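> structure for the following, please:
(2 chains)
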2 protein chains.
Amino acid sequence: MKIAIDGMGGDFAPQEIVSGIDLALDEVNDLEIVLTGNKTLLEKEISSIKNSSKIEIIPTEQIITTHDKPRDALLKKKQSSLHKAIELVRDGYAKGMVTAGSTGAYMAISLFTLGRLKNVTRPAIGIPLPYKDGTIGLLLDVGASVDISTREYLIFAILGKVYLSTFRGDSNVTIGLLNIGAEEEKGSKMTLEAHRLLKENFKEFKGNVEPHELLDHKVDVIVTDGFSGNILQKSYEGAAEFLIEAIKDEINKTLARKIAAKFLKPALKSAFNKLNYENFGGSPLLGVDGISIKAHGRSKRVAIKNAIKVCNNLASNNLIENLKKALDSEKFMEEKKL
Amino acid sequence: MKIAIDGMGGDFAPQEIVSGIDLALDEVNDLEIVLTGNKTLLEKEISSIKNSSKIEIIPTEQIITTHDKPRDALLKKKQSSLHKAIELVRDGYAKGMVTAGSTGAYMAISLFTLGRLKNVTRPAIGIPLPYKDGTIGLLLDVGASVDISTREYLIFAILGKVYLSTFRGDSNVTIGLLNIGAEEEKGSKMTLEAHRLLKENFKEFKGNVEPHELLDHKVDVIVTDGFSGNILQKSYEGAAEFLIEAIKDEINKTLARKIAAKFLKPALKSAFNKLNYENFGGSPLLGVDGISIKAHGRSKRVAIKNAIKVCNNLASNNLIENLKKALDSEKFMEEKKL
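You can find the predicted model right below:
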């Protein structure tokens, strides 16, 4: 199994990327890595790791930064490490791709290079949901497709359902709709109609999920439009950041608190880490014809390792074939011409 | 100044309601309270407080519970304490009203009884934003009007601007738009158009605010549709609840942590309280012809006192007159026939 990695994407590239690859190669048998980026830099990093023999470097000239607009990254940086890694997936040389680079560029280049799967009009980014019971769910979309039609809630439901059942190796996956009320009659005109369609077409549909019960594991897959999903994602992040700052301020108020905090720091850190979806293996772009995973820009080696393992798992279990089959066979596609 | 209070609304009514009134009467001169609800219960509570002479009880028969649907509360419980309190505002007997009862019933009865101000098509619920610098901002709407037109972003901007400048006694109030990107060209079709209109009509408009920078005080008033605002509000609540549980779990893992936690509990509590908008005086329903404030259902005496003080402040500074003037004089109302 060959996985392509963008060696230059992310705040800690290439060092933490290469270290993450090394960890993944330790843990996964039969894995090989194709690494794109600056040859000199990558060779230097690789020289100091154990598993260097399982890594092939494909040199590229350009680097996409967070300052590049997605459009410019797509059109003007065709020789970038990110472009090349995605092209390796398109050409079948690698079975999947991981990057920690810019989200906008990642979406644009993946969509353009890999193309959409049949019956998919717009793609969706999913994020893993760290449920309180220790299981992992999926929320999609969180920003790839901001203006969607009600039909796309159904497509997102299929994408999420197949993704999660492939990931888990278990086809029992329930579906919910992000909404602002628990009852069927709550929500906007758009979510009311989406609710009706989801109920009509999926026996796995279990109704609305409200944002404050997001991590209660009411359902396995939660679908929403990219605008609402992004609001939710950034609100959870904002609340956590606010609380971290507020707790630090409070602790610094007295010496006794500072001392007590020394004993509690690991507890607090671990509590905040539980909320952090970035620790759970990256976000897939779903609906494109290839496995493309985005790790957070701040990913260090363990996050990179986890993203590679998720990518490898999805590739080994034939995510794209499963998606194609499901998208082809869903009855509502033809029957209703939605 | 007479303020009406729903004596039966909220999880801790009537005891904490009456205690909150007593605290408010201690702090505010020339305040009188008109209290609606069950005569026997209220008289019993009032008998034990200092300021009982400044409270007039208006007996009512019915009580609205959280199980009543808003429609039923509106149509079938016309003899309720909430109805009566709002009617006292409509009839001019009280200058404003506070309830800790059901949000849906509060919105429906306020809107029906007080009516909309001229030029307002849909009302908005505002929530106070506890900014990191210690000041208070306002986010609206958080759920009163879920499907809005782009014109209503402008109305919400006026409502928020006048509310906050009346509350602060300072007309320098800036306005922002809740959105999923900082740049002007980011967002949904709806927010792009709202951005354009806000920029064209308000010199106070300062651009987009993203959910994770909600409490950074980029602007004073943040406008959004009721769906997105509700998603955001419930996400902040959900993240805080998740973290409280996760921190408790982590603390309970070892004895050393449990002991350290004893010293840090006040610090943690105070940090989480900073995020809790419920401590900042209640949420106004804006756009109706009367001052109507909702305190959280779990409000205890201090939260009730704060809500009464906010209500008194708004009434003393002529919120409704200020709103009428602004809604009448905004140029875009006539010019563009939006």
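
> which residues of chain A fall in strands?
Along chain A, the segments classed as strands by DSSP state E run A:2-6, A:32-37, A:55-59, A:96-99, A:124-130, A:136-140, A:175-178, A:205-209, A:221-223, A:283-286, A:292-294.

> distance to chain B and mean pLDDT for the ones you listed - can I get that in TSV?
(Glycine included, C-beta is placed from N, CA and C.) Converted to TSV, the strands of chain A look like this (distance: least, C-beta to the nearest C-beta, whole Å; pLDDT from 0 to 100):
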stretch	distance to chain B	mean pLDDT
strand A:2-6	23	98
strand A:32-37	28	98
strand A:55-59	33	98
strand A:96-99	20	98
strand A:124-130	9	96
strand A:136-140	11	96
strand A:175-178	7	98
strand A:205-209	10	97
strand A:221-223	12	98
strand A:283-286	15	96
strand A:292-294	16	96
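
> can you redo those strands as TSV with mean neighbour count?
Formatted as TSV, the strands of chain A follow (neighbours: other C-beta atoms under 10 Å in any protein chain shown):
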stretch	mean neighbour count
strand A:2-6	28
strand A:32-37	24
strand A:55-59	18
strand A:96-99	31
strand A:124-130	24
strand A:136-140	24
strand A:175-178	26
strand A:205-209	20
strand A:221-223	29
strand A:283-286	27
strand A:292-294	26
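
> let me have those strands in CSV, extended by distance to residue B:180.
Below are the strands of chain A laid out as CSV (distance: least, C-beta to C-beta, whole Å):
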stretch, distance to residue B:180
strand A:2-6, 24
strand A:32-37, 30
strand A:55-59, 34
strand A:96-99, 21
strand A:124-130, 12
strand A:136-140, 15
strand A:175-178, 15
strand A:205-209, 20
strand A:221-223, 17
strand A:283-286, 15
strand A:292-294, 16
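
> who wins for proximity to residue B:227 among those strands?
Among those, the nearest to residue B:227 by C-beta to C-beta is strand A:175-178 (10.3 Å).

> how far away is whatever residue of the stretch 1-150 of chain A ends up closest to chain B from residue A:15?
Per C-beta to the nearest C-beta, residue A:146 is where the stretch 1-150 of chain A lies closest to chain B, at 4.8 Å. Between residue A:146 and residue A:15 the computed distance is 35 Å (C-beta to C-beta, to the nearest Å).

> if I pick residue A:191, what's in contact with it?
Going by C-beta atoms under 8 Å, 6 or more residues apart in numbering or on different chains, residue A:191 touches A:177, A:178, A:179, A:180, A:208, B:227.

> picking up where we left off before, who's more crowded, residue A:146 and residue A:15?
More crowded of residue A:146 and residue A:15, by other C-beta atoms under 10 Å in any protein chain shown: residue A:146, with 22 against 14.

> would you check how far apart that one and residue A:128 are?
For residue A:146, the distance to residue A:128 - C-beta to C-beta - is 21 Å.

> what does residue A:116 give?
Relative to residue A:128, residue A:116 is positioned 23 Å away (C-beta to C-beta).

> what of residue A:85?
Residue A:85 is 21 Å from residue A:128, by C-beta to C-beta.

> what of residue A:31?
From residue A:31 across to residue A:128, the span is 21 Å (C-beta to C-beta).

> before we move on, the earlier item: which of the strands of chain A sits closest to residue B:243?
strand A:124-130 (12.0 Å).

> can you tell me what sits against the closest one?
Residues outside strand A:124-130 that contact it (C-beta under 8 Å, 6+ apart) are A:103, A:107, A:136-145, A:155-156, A:159-160, A:163, A:214-215, A:222, A:226, A:233, A:274-277, A:279-287, A:294.

> so what's the residue count around residue A:199?
By the measure other C-beta under 10 Å, the count of residues near residue A:199 is 15.

> would you agree it is in contact with residue A:208?
No. Counting by C-beta atoms under 8 Å, residue A:199 sits too far from residue A:208 to count as a contact (10.6 Å).

> quickly list what residue A:128 is bridged to.
residue A:138 (DSSP bridges).
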